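> my questions concern the predicted model and sequence given below.
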Amino acid sequence: MSSFPRPHLGEPYLLTPGPLTTSYTVKEAMLRDWGSWDGDFRAMTADLRAGLLDLLGAGKDDYDCVPIQGSGSFAVEAMMTTFIPASGKALILANGAYGKRAAETLRYAGLDHVVLDKGDYLPPRGAEVASLLEQDPAITHVVAIHCETSSGILNPLKEISDAVATAGRKLLIDSMSAFGAVEVQPGTYQFEALVSSANKCIEGVPGFGFVLARKSALEDSAGNCRSLSLDIHAQWAAMEKTGQWRFTPPTHVVAAFLQALTEHRREGGVAGRGARYAQNRDVMVAGMRELGFETLLPDEWLSPIIVTFFCPGDENFDFGKFYDLMKARGFIIYPGKLTEVDSFRVGCIGHMDAAIMEEVVRAAGDALKDMGVSNAMPPAAALEARAELIAK
Ligand SMILES: *Cc1c(COP(=O)(O)O)cnc(C)c1O
């Protein structure tokens, strides 16, 4: 039996990278209104900033937390355009959709950048980052994606952070889908700023993102940002002075998030949360493999956040049908985001445990039977394409 009750009113579990399934108590925390100027809400904002800083762990005293309205991409854009000055140049480490989005964001902002594109599922390695930085002294900042949610790969952040620090450059991390479940202690990783959002591993509802940045970086960033509403320096300066957000804050989302932070703490913080997600992944992946499904990535790179599977080669398999059959059984899965092969994704994050992941596997097995798919093995061509790319 799962100790995680089914979502309210029979709504399906969201096996997605956020918005995700939240606890009843997180939803309940939204059942009142707050005045954004009032002292009660200012105290909530202060708690939120302090609670997020605590998750950084050792070394947190050199950092500060700045929440910003909007979805995660708004916060990524805010971080990059606040910390990369007009005279700077960024190296973006891309291996999927979110790395590409970071590059697109800098193109819009007119900031100079180069991209190391590793394709769909190969990690950027420390040695290649070191050599790119050596070849191009104009690069001032490196942008890394912690967990590339489009494939589910957990990128080797330690190697990358070491390479960037050794070269004397600055690291900006999109830890959107990892922060709160994977450690990013400043004592271990050297970074200028990282960004995440309310509706990923902390298990809040969507509505704001947050930047955790070195105080020195915040102080030095005045005047960099060319967007009024995304200026992290201005948001930080105003919050320090008045305790308020500059523009209408998502009050209910903040209230829900404080409850989510309490539940995160109760679960044992980053280590506890990460352990539950890893168990969710292990149980789900083992069960899916038994059905014949194959993961895109070898075990070494499987994140505890979300897992990509190849679509089966069986001619009776149809992703749209599979999706509907899974939904009818109470589970929303996620389409794939790969360019080369047909795939789908199953998230491991949200208010659910391994007992629920066992139900997910049973539902997948039943859905295959309903479609007349006897084996979930991927087509040989997909495996060959992967092998060829890895050999390159
Ligand atoms: C979710 C996510 C984002 C932000 O996406 P939004 O849809 O704007 O919330 C950015 N980067 C990564 C790695 C993500 O997983």
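Sure thing, it's come through. Small disclaimer: the values here were computed from a predicted structure and weren't measured.

> for the chain, which residue gets nearest to the ligand?
Gly72 (2.6 Å; CB to the nearest ligand atom). The C-beta positions use only the backbone N, C-alpha and C, and glycine is treated the same way.

> give me the distance between that residue and Asp370.
When CB to CB, to the nearest Å is applied, the distance between Gly72 and Asp370 equals 35 Å.

> go on, Cys65?
In this view, Cys65 and Asp370 are 47 Å apart by CB to CB.

> do Glu148 as well
For Glu148, the distance to Asp370 (CB to CB) stands at 32 Å.

> which residue ranges of this structure form helices?
Using DSSP state H, the helices of the chain run over 24-28, 39-56, 72-83, 97-109, 126-135, 157-166, 215-220, 232-242, 251-266, 269-290, 319-328, 354-371, 380-391.

> in a markdown table: those helices, plus distance to Pro298, mean neighbour count and mean pLDDT.
Shown next, in a markdown table, are the helices of the chain (distance: least, CB to CB, whole Å; neighbours: other CB atoms under 10 Å; pLDDT from 0 to 100):
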| stretch | distance to Pro298 | mean neighbour count | mean pLDDT |
| --- | --- | --- | --- |
| helix 24-28 | 35 | 15 | 97 |
| helix 39-56 | 29 | 17 | 98 |
| helix 72-83 | 27 | 25 | 98 |
| helix 97-109 | 20 | 18 | 97 |
| helix 126-135 | 19 | 16 | 98 |
| helix 157-166 | 17 | 20 | 98 |
| helix 215-220 | 36 | 16 | 98 |
| helix 232-242 | 37 | 18 | 98 |
| helix 251-266 | 30 | 20 | 98 |
| helix 269-290 | 12 | 18 | 98 |
| helix 319-328 | 23 | 16 | 97 |
| helix 354-371 | 20 | 18 | 98 |
| helix 380-391 | 9 | 12 | 81 |
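
> quick one: closest of these to Cys348.
Closest to Cys348 of the helices of the chain, according to CB to CB: helix 269-290, at 4.0 Å.

> how about the residues of this structure near the ligand?
Neighbours of the ligand within the chain, by CB under 6 Å from any ligand atom: 17-18, 71-73, 76, 98, 145, 149, 174, 176-177, 197.

> nearest spatial neighbour of His342, skipping sequence neighbours?
His isn't right for residue 342; it's Asp. Sequence neighbours aside, Cys311 is the residue nearest to Asp342 in space, at 4.0 Å (criterion: CB to CB, 6 or more residues apart in numbering).

> right, and that neighbour touches Phe317 too?
Yes. When contacts are counted by CB atoms under 8 Å, Cys311 is listed as touching Phe317 (6.1 Å).

> show me the domain layout of the protein.
Segmentation of the chain into domains, based on automatic domain parsing, reads 8-20+269-391, 32-265.

> okay, these in a markdown table with distance to Ser2 next?
Output for the domains of the chain, formatted as a markdown table (distance: least, CB to CB, whole Å):
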| stretch | distance to Ser2 |
| --- | --- |
| domain 8-20+269-391 | 4 |
| domain 32-265 | 16 |
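
> and of those, who's closest to Val26?
Closest to Val26 of the domains of the chain, according to CB to CB: domain 32-265, at 5.0 Å.

> how far off centre is that closest one?
Centre-to-centre, domain 32-265 and its host chain are 11 Å apart (CA atoms, centre = their mean, to the nearest Å).

> if we can go back for a sec, now for the residues of the chain next to the ligand: which two are most distant?
Maximum pairwise distance among the residues of the chain next to the ligand (CB to CB): 16.1 Å, between Ser71 and Ile145.

> out of the two, which sits in the busier spot?
Using other CB atoms under 10 Å as the criterion, Ser71 and Ile145 rank with Ile145 on top: 30 against 17.

> ok, what's across the strand from that one?
Ile145 has these beta-bridge partners by DSSP bridges: Asp174.

> isn't it up against Asp174?
Yes. Judged on CB under 8 Å, Ile145 makes contact with Asp174 at a distance of 4.8 Å.

> just the endpoints, please. Distance across stretch 17-24?
Terminal residues of stretch 17-24 are spaced 19 Å apart (CA to CA, to the nearest Å).

> name the residues of that stretch that are buried.
Residues of stretch 17-24 classed as buried by neighbour count (16 or more other CB atoms under 10 Å): 17-23.

> including pLDDT, could those residues go into a markdown table?
Shown next, in a markdown table, are those (pLDDT from 0 to 100):
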| residue | pLDDT |
| --- | --- |
| Pro17 | 90 |
| Gly18 | 87 |
| Pro19 | 95 |
| Leu20 | 96 |
| Thr21 | 97 |
| Thr22 | 97 |
| Ser23 | 96 |
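
> adding distance to Val307, write these out as TSV.
Output for those, formatted as TSV (distance: CB to CB, whole Å):
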residue	distance to Val307
Pro17	11
Gly18	15
Pro19	18
Leu20	15
Thr21	16
Thr22	21
Ser23	23
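
> OK, contacts around Leu56?
By CB atoms under 8 Å, 6 or more residues apart in numbering, Leu56 lies in contact with 63, 184-186, 212.

> among those, which are located in strands?
Those of those mapping onto strands are 63, 212, per DSSP state E.

> before we move on, the earlier item: which two in the buried residues of stretch 17-24 are spaced the farthest apart?
By the measure CB to CB, Pro17 and Ser23 form the most distant pair in these, at 17.8 Å.

> would a markdown table of the contacts of Leu56 with pLDDT and neighbour count be doable?
Listed next are those as a markdown table, based on pLDDT from 0 to 100; neighbours: other CB atoms under 10 Å:
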| residue | pLDDT | neighbour count |
| --- | --- | --- |
| Tyr63 | 98 | 22 |
| Val184 | 97 | 22 |
| Gln185 | 96 | 13 |
| Pro186 | 96 | 18 |
| Leu212 | 98 | 25 |
